[in-house]
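A.B. asks: Kindly return the folded structure for what I paste below:
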Amino acid sequence: MSRIFLGIYDEHRLVQEGLRSLLKGMEDIEISLLENVRSVLLDRLRSTPPHILIINLHELNPPLLNLIIMVNRNYPKIKILIISVRNEEEIILKTIKAGAKGFLSRDTGRDELIEAIYTLRNGHDYYSKSITHLLINKYINRLNFDKDETGIRNLSSREIEILKLWGNSLTNKQIADKLFLSIRTVETHKNHIMQKLNLKTSVDMVKFGIRNNIIEV
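C.D. replies: Presented below is the predicted three-dimensional model:
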């Protein structure tokens with residue numbers, strides 16, 4: 001994978017530095033933009049568009065929601081990743097509707113942050129485990145529980161194993177350690193699963209696993 005350029009937007013410099021510190025040592029991730037002023041951010045995106053823009057959300061006010069909408073509309077190639085101290089369903093759904101492609105909750109650790117960055121760069125949406133569970137619980141009664149036998153046959157035994165472990169809340173690093181694989185190999189397997197099943201989001205992947213009795217509810 002080529003170098004991933006990352007932007008960080010937060011009103012507090014201390015939070016920006018904290019995120020930068022968390023990603024220190026990741027050779028293929030470069031923080032190319034740090035900004036705490038909304039108007040300046042929009043100007044800088046024209047000349048320095050990152051692959052992924054992290055927006056740290058303290059509260060969902062109209063200006064911040066409009067910022068997400070404007071970035072998504074004017075720079076559709078930039079993937080917006082929200083980190084929020086609040087996990088209310090309304091906030092999650094509004095930011096996703098506005099154009100965010102990823103949402104991490106306040107209990108997210110470094111491993112899941114890195115996992116989200118790689119997943120977004122691979123072209124898939126990413127929601128932290130707690131957010132995925134919230135969305136799954138909301139829609140679980142509406143799922144069609146008919147098995148997708150064709151989809152299952154398209155997956156290798158290793159892919160099914162990784163899907164089951166991921167659906168049971170293991171991070172990529174934990175899966176890699178358990179199966180004696182590299183984190184990059186686990187990422188590749190998950191990417192293949194999404195491509196083979198024509199899925200877009202982690203929630204869709206969990207739904208598939210539940211529907212086909214790979215993941216226990």
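
A.B. asks: I'd like the distance between the most centrally placed residue in the chain and Leu57.
C.D. replies: Centroid-nearest residue in the chain, with CA atoms, centre = their mean: Tyr126, separated by 2.3 Å. Per CB to CB, to the nearest Å, Tyr126 is found 16 Å from Leu57. (C-beta placed from N, C-alpha, C; glycine too.)

A.B. asks: Next: Leu6.
C.D. replies: From Leu6 to Leu57 the distance is 17 Å (CB to CB).

A.B. asks: Please give me every residue in contact with Glu35.
C.D. replies: Neighbouring residues of Glu35 by CB atoms under 8 Å, 6 or more residues apart in numbering: 7-9, 41, 44.

A.B. asks: got the domain boundaries for the chain?
C.D. replies: Following automatic domain parsing, the chain resolves into domains at 4-132, 144-211.

A.B. asks: and the first one, how far apart are its ends?
C.D. replies: Taking CA to CA, to the nearest Å as the measure, domain 4-132 stretches 25 Å from start to finish.

A.B. asks: any idea where the strands of the protein begin and end?
C.D. replies: Assigned by DSSP state E, the chain shows strands spanning 4-9, 29-35, 52-57, 79-84, 102-104, 126-127.

A.B. asks: Direction included, what does the longest one pair against?
C.D. replies: Strands that pair with strand 29-35, judged by DSSP bridges, come out as strand 4-9 (parallel).

A.B. asks: Would you mind getting the angle between the partner strand and strand 79-84?
C.D. replies: Strand 4-9 and strand 79-84 are oriented at 40 degrees to each other (axes from the mean of the first three to the mean of the last three CA atoms, to 10 degrees).

A.B. asks: So which residues make contact with strand 4-9?
C.D. replies: 16, 19-20, 23, 28-36, 38, 41, 45, 48, 50-56, 67, 78, 117-118, 121.

A.B. asks: Would you list the buried entries among those residues?
C.D. replies: 16, 19, 23, 29, 31-35, 41, 45, 50-56, 67, 78, 117-118, 121 (16 or more other CB atoms under 10 Å).

A.B. asks: all helices for this protein, in order.
C.D. replies: Using DSSP state H, the helices of the chain run over residues 13-22, 38-47, 62-74, 89-98, 110-121, 129-139, 149-153, 157-167, 172-179, 183-197, 202-211.

A.B. asks: burial of Asp204, as a residue count?
C.D. replies: Residues within reach of Asp204, counting by other CB atoms under 10 Å, total 15.

A.B. asks: Now do the end-to-end distance for stretch 113-132.
C.D. replies: Using CA to CA, first and last residues of stretch 113-132 are 15 Å apart.

A.B. asks: ok, back up a step: among the strands of the chain, which gets the worst mean confidence?
C.D. replies: The weakest mean pLDDT among these belongs to strand 126-127, with a mean of 88.

A.B. asks: elements contacting it?
C.D. replies: Applying 3 or more CB pairs under 8 Å, 6 or more residues apart in numbering; DSSP states H and E, one finds that strand 126-127 makes contact with strand 102-104, helix 110-121, helix 202-211.
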